[in-house]
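could you look at this predicted model? Sequence included:
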Amino acid sequence: MPWWRPHHLFLARWTLSITSLGGSDGVVHRVDSSSCREAPKAKKPKPTRPTKPKQPKFTPTLLTTESLLHDVHEFVTDYIVFSSVHEAIAVVLWVLHTYIFNRFDSTPRLTIRAPHKASGKSRLMECLNLLCHATQYTSGISTAALFRIIEKLQPTILVDESDTIFGDKASDHEDLRGLIDAGHRKGVPFIRCHGQDMEPKAFNTFAPVALAGIGNLPATILDRSVIINLRRKSASEVVKPFRLTGDTVAKKRAAVITQRLAQWAETMKILEPMMPDGISDRSADVWEPLIAIADGGGDVWSKDGRDACRVMSGEWAIEDGNDPSLQLLRDLRAVFGESTRMATHSILLALMALPESPWQDIGYGQGLSNVTLAGLLKAYGVKPKSYRNGEKTERGYYRAMFTDLWVRYLGSAEARTSETVTAS
C-alpha cells in the first residue's frame, strides 16, 4: 500500500462528516444554543384577590354646609336628649362656628346647665370634645393658664364642672370671669406683666368657650351665652351607647365629620345675616355667627336657626327679668297704675300685696323696707323726694322717675303694656 493511502482515506472521511453537519456547501454554520433548549412551559396565571372598594373622595357636594349640619345634628341627638329642638339646633350651629370663629367679631359662650347630676352635661361636653375644632377639655383652669393657652393655640375651651369654679366661691375667680367675658369680642386683650422684666403684654382672649355645670353661672357670662338647659332623660327616652375607650363607633363617626369640617372651613364664605326682628345689641352679638352659618345651610336651616334665636333669646330675657332690680321695675309699673306719685309706705304695701310677690320674703321674712327699696333704685339714679300732701309732708316717688326706665329695661313689649295701663 502506498504511504499516502491512509492519509487519503482520513481526509475523505473528515469531508463526509463536515458535509453531514453543514449545509449543501459543506460549511459548518454557527448554531444558536437557545434553539436546542426545551421550550419553556406556560406560566399559570396567579389567582386574583378580591379588591376592597375604594372610599369615595371628599367632593364639594359632601362638604356643603347643609350636609354637615345634618350630620352633626344626627350625631349629637343620637347620644343626647335635649329639652327642645331649638337647643339641639343651637348646639349644632355652635359646633360649626368653632371652625370659623375668627371670621366673626364675636364668639358666643355655650352654657350647659342642669338642676341635678346625671342630666347629660358631661356627655354633651364629650361629644363637643370629639366634634369641635382644636379642643382643650378640662374640669378646671386658672386665669393664667387660660389666657396663655388661648394666646398660643386659639383652641375651643371646654370647661366641665364649672359650678366648682363659679359656685359658692365665685368671688375668688373674678379675674377668670372677666377673661371669659372679654374673650367674647374680638380685639379685647388681657394685659398682664410677662417675663423676667415684667413687661406689660397684651394677650389675645378671643376663643370659643363652653361651660357645663349644675346651677347658674355669673350673669355677665350668661348674658354672652347660648344657654342649654338639660334634664335627666326618662325611661322612654333612649340614646345610643357612647364609649370613648378604644376605637369606638362614636370616635370613628366624629373623625369623619371633623375631617370634612376642616375642609369646609377653608372654603366657607360668610355673609352678614339679617337678624330676626327684636334681636339686637347683646343678643345680636351672641347669635349673629350662628345665624350666618344657618343661612349657609339653606332655607330649612335658616328658618330653624332664627326660630331657635327667637325662642332662646326670649327665654333668657324672661330669666333675666328675675333679677331683683328688674323685677322691681316691672312691679312698680303695675302698682303705679295711673298715679303720678306715691308715698314710700304705700308703694311697699302695694308691692307686698302683689300675687306671688317676692317682696314679702325679703329681710328675713320681714318684707321689703324703705331702705332696701331705695338701695335697689339707687343703681338707676332714682331717689325718693319729699312733697306736700295736704298738711302732711311725705317722702315718695313720682311716676316720671320711672317712665324712661320702663322703656329702656323692660323692652318695647313692656313699654306698650305700660302705656296701655297709663291710658286706662
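On my side now, so go ahead. Residues are numbered from 1 along each chain as shown.

what comes into contact with stretch 342-359?
With contact meaning C-beta atoms under 8 Å, 6 or more residues apart in numbering, stretch 342-359 is reached by 324, 327-328, 331-332, 334-336, 360, 367-370, 373, 384, 389, 394-397. Using the backbone N, CA and C atoms, a C-beta is placed for each residue, glycine as well.

could you list the buried residues of that stretch?
342-344, 347-348, 350-352, 357, 359 (16 or more other C-beta atoms under 10 Å).

which of the contacts of stretch 342-359 fall in helices?
324, 327-328, 331-332, 334-336, 370, 373 (DSSP state H).

buried ones among the residues you listed?
327-328, 331-332, 335-336, 373.

any low-confidence regions in the stretch 51-200 of the chain?
Residues of the stretch 51-200 of the chain meeting the criterion pLDDT under 70: 51-62, 168-170.

where do the helices sit along it?
All helices of the stretch 51-200 of the chain, identified by DSSP state H, counting those that start in this stretch, fall at 65-79, 85-100, 121-131, 143-153, 163-166, 174-182.

for these, which one ends up most surrounded?
Counting by mean count of other C-beta atoms under 10 Å, helix 85-100 has the highest mean neighbour count of these, with a mean of 23.

for that one, packing partners?
helix 65-79, helix 121-131, strand 225-229, helix 249-267, helix 281-296, helix 299-320 (3 or more C-beta pairs under 8 Å, 6 or more residues apart in numbering; DSSP states H and E).

out of these, which gets nearest to residue 189?
Nearest of the helices and strands packed on helix 85-100 to residue 189, taken as C-beta to C-beta: helix 281-296 at 18.1 Å.

please state the offset of the closest one from the chain centre?
The gap between the average C-alpha position of helix 281-296 and the chain average comes to 12 Å, counting by C-alpha atoms, centre = their mean, to the nearest Å.

is it true that residue 289 touches residue 98?
No: checked against C-beta atoms under 8 Å, the pair residue 289 and residue 98 is beyond contact range at 9.8 Å.

I'd say residue 226 and residue 109 touch.
Yes: between residue 226 and residue 109 there is a contact at 7.4 Å, judged by C-beta under 8 Å.

centroid-nearest residue for this structure?
Nearest to the centroid of the C-alpha atoms of the chain, with distances taken as C-alpha atoms, centre = their mean, sits residue 94, at 3.2 Å.

show me the contacts for that residue.
So, once contact is read as C-beta under 8 Å, 6+ apart, residue 94 ends up touching 108, 110, 208, 210, 226, 290.

which one of those residues has the most neighbours?
residue 210 (29 neighbours; other C-beta atoms under 10 Å).

from residue 332, how far out is residue 350?
Using C-beta to C-beta, to the nearest Å, residue 350 is found at 9 Å from residue 332.

separation between residue 225 and residue 166?
Residue 225 is 12 Å from residue 166, by C-beta to C-beta.

which residues are in contact with each of these two?
residue 217.

okay, now the domains of the protein?
For the chain, the structural domains run 60-320, 324-423, going by automatic domain parsing.

quick check: which of the ones you listed is buried the most?
Of all those, domain 60-320 carries the top mean neighbour count, a mean of 17, counting by mean count of other C-beta under 10 Å.

contacting residues for the residue lying closest to residue 384 once chain neighbours are set aside?
For residue 384, ignoring the flanking residues on the chain, the nearest one in space by C-beta to C-beta, 6 or more residues apart in numbering is residue 395 at 4.8 Å. Residue 395 is in contact with 343-344, 384-387, counting by C-beta under 8 Å, 6+ apart.

make it 7 Å
Residue 395 makes contact with 344, 384-386, according to C-beta atoms under 7 Å, 6 or more residues apart in numbering.

save those as JSON lines, and put in pLDDT and distance to residue 146 too.
As requested, those are exported to JSON lines (pLDDT from 0 to 100; distance: C-beta to C-beta, whole Å):
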{"residue": "344", "pLDDT": "92", "distance to residue 146": "47"}
{"residue": "384", "pLDDT": "91", "distance to residue 146": "45"}
{"residue": "385", "pLDDT": "91", "distance to residue 146": "48"}
{"residue": "386", "pLDDT": "91", "distance to residue 146": "52"}
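
which stretches of the stretch 201-350 of the chain have low pLDDT?
314-323.

a helix runs through residue 240, doesn't it?
No: counting by DSSP: H, G, I helix; E, B strand; the rest coil, residue 240 falls outside a helix, being coil.

residue 95 reaches residue 129, doesn't it?
No: using C-beta atoms under 7 Å, residue 95 makes no contact with residue 129, being 10.9 Å away.

on that earlier part again, from the ones in helices among the contacts of stretch 342-359, pick the one nearest residue 233.
Comparing these against residue 233 with C-beta to C-beta places residue 327 closest, at 32.7 Å.

and the gap between the closest one and residue 216?
16 Å.

wait, residue 107 touches residue 185, no?
No: assessed by C-beta under 7 Å, residue 107 is found out of contact with residue 185, at 8.3 Å.

skipping its backbone neighbours, what lies nearest residue 209 in space?
Residue 209 sits nearest to residue 157 (C-beta to C-beta, 6+ apart), 4.5 Å away.

contacting residues around the one you found?
Contacts of residue 157 by C-beta under 7 Å, 6+ apart are 136, 207-209.
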